[in-house]
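1. after the sequence you'll find the predicted model.
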Amino acid sequence: MFEDFEQQRIETPGAEIELVRGGDGPPVLLLHGYPQTHAMWHLVAPILAEEFTVVATDLRGYGDSSKPFGEEDHSTYSKRAMAEDQSAVMESLGFDAFAVVGHDRGARVGHRMALDLPDRVTKLAVLDIVPTRHVYTTAGKDLATAYYHWFFFIQPYDLPETLIGADPSYYLRKKLGGWGTPLETFDPEALAEYERCFDAATIHASCEDYRAAASIDLVHDEAYLDEGRKVECPLLTLWGGRGVMEKTYDVEAVWREYANDVRGKPLDAGHFLAEERPAETADELRNFLKE
């Protein structure tokens, strides 16, 4: 995977971040979601690299990036801290301003980055999410059933870690195949990479990621909402037309509550757009990034 991409590891003030870099042109940062790594972009990144400089990273706590143990207030895995990692990576690579494309958890990091660093994020694409605060303030039975893990992972340490750790491969595969994308969709090499990286440290870090989302991230979100602050840069939202977001929300309308310049559409896919519909996903991203 990622032929012609350069692999790098960059030390930031908060974490060491693993990444691949390829292509030439305007910079684009790709951020993965749960329970994956930068490998999820292996079909999309080469297409974008034909016109852009593409940087695909492992978030703090995932893949081969460092996995610090979480602080009691979960600030270690706040989206603000994770966004600062990624901003530092791009600065280290010489990019003062760049576009961000995030899927799932990576989209939440991108959302925070666009709010905290509006002078650095030129465009933001969010794949198959609505804002974290919106989920917690609107969740009903159907969403809580489909996204039960949001409420499971936030239980105190070490209940979810112990239960997931009893059979990590089983749990990983159930999550990958449980949101409208058949498990056989995933490339065997990518799937093997997800399994390799889904160790005890990642399981803990990912639980802390969700614990932060239900605590300190909401504090940060509410502070900006009180100020009336929204995402200022152009925002593209793509979501799976056969997934939970389509069934639960008017996704584009929700994002208009949180951003000033929004466009979006569903794709014929489940949750994992970049691996189920890579050509279409890349085409939508390319058109948006070139505008």
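-> Perfect, I can see it now. Numbering: from 1, shown residues only.
2. any idea how far Pro278 is from Leu218?
-> Remark: distance between Leu218 and Pro278 (C-beta to C-beta, to the nearest Å) = 33 Å. Just so you know, the C-beta spots here come from the backbone N, C-alpha and C atoms, and that holds for glycine as well.
3. can you give me the strands in this structure?
-> Assigned by DSSP state E, the chain shows strands spanning 6-11, 16-23, 27-31, 53-57, 98-103, 121-127, 235-240, 262-267.
4. which one of Leu218 and Pro278 has more residues nearby?
-> Set side by side, Leu218 and Pro278 show unequal neighbour counts under other C-beta atoms under 10 Å, the larger going to Pro278 at 18 against 15.
5. for the more buried one, give me its contacts.
-> 43-44, 47 (C-beta atoms under 8 Å, 6 or more residues apart in numbering).
6. mean neighbour count, mean pLDDT and distance to Ala205 for the strands of the chain - can I get that in CSV?
-> Written out in CSV, the entries for those read as follows (neighbours: other C-beta atoms under 10 Å; pLDDT from 0 to 100; distance: least, C-beta to C-beta, whole Å):
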stretch, mean neighbour count, mean pLDDT, distance to Ala205
strand 6-11, 13, 98, 17
strand 16-23, 21, 98, 13
strand 27-31, 26, 99, 15
strand 53-57, 26, 99, 15
strand 98-103, 27, 99, 17
strand 121-127, 25, 99, 21
strand 235-240, 25, 99, 25
strand 262-267, 18, 98, 29
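7. nearest to Glu195, out of those?
-> Among the strands of the chain, the nearest to Glu195 by C-beta to C-beta is strand 16-23 (16.7 Å).
8. contacting residues around the closest one?
-> Around strand 16-23, the neighbours that count as contacts under C-beta under 8 Å, 6+ apart are 2, 4-11, 38, 45-46, 48-58, 60, 63-66, 85-86, 89, 93.
9. adjacent strands (with direction) for that strand?
-> For strand 16-23, the paired strands and their directions (DSSP bridges) read strand 6-11 (antiparallel), strand 53-57 (antiparallel).
10. contact partners of the last one?
-> For strand 53-57, the external contacting residues (C-beta under 8 Å, 6+ apart) are 2, 5, 17-32, 38, 41, 45, 48, 65, 86, 89-90, 93, 95, 98.
11. show me what counts as buried in stretch 252-262.
-> Residues of stretch 252-262 classed as buried by neighbour count (16 or more other C-beta atoms under 10 Å): 252, 254-256, 258-259, 262.
12. ok, and what's touching stretch 131-148?
-> Residues outside stretch 131-148 that contact it (C-beta under 8 Å, 6+ apart) are 79, 108, 111, 150-151, 179, 213-214, 217-218, 221-222, 225, 244, 247-249, 254-255, 257-258.
13. of the residues you listed, buried ones?
-> 79, 108, 111, 150, 179, 213-214, 217, 221, 244, 248-249, 254-255, 258.
14. and which of these is nearest Arg196?
-> Comparing the buried ones among the contacts of stretch 131-148 against Arg196 with C-beta to C-beta places Trp179 closest, at 21.5 Å.
15. quick check: chain neighbours aside, which residue is closest to that closest one?
-> Excluding its sequence neighbours, the residue lying closest to Trp179 (C-beta to C-beta, 6 or more residues apart in numbering) is His271, at 3.5 Å.
16. report the contact partners of the one you found.
-> Contact partners of His271, counting by C-beta under 8 Å, 6+ apart, are 104, 128, 179-181, 240, 243-244.
17. go with 6 Å
-> For His271, the contacting residues are 128, 179-181, 240, 243, taking C-beta atoms under 6 Å, 6 or more residues apart in numbering as the criterion.
18. can you tell me how far Leu115 is from Arg173?
-> Distance, Leu115 to Arg173, by C-beta to C-beta: 34 Å.
19. again, but for Phe69
-> The gap separating Phe69 from Arg173 is 26 Å, by C-beta to C-beta.
20. hang on, the earlier thing: so which of the contacts of stretch 131-148 sit within helices?
-> Secondary-structure check on those using DSSP state H: residues within helices are 79, 108, 111, 150-151, 213, 217-218, 221-222, 225, 244, 247-248, 254-255.
21. looking at Phe69 and Arg173, which is more packed in?
-> With other C-beta under 10 Å as the criterion, Phe69 and Arg173 differ in neighbour count, and Arg173 comes out ahead with 18 against 11.
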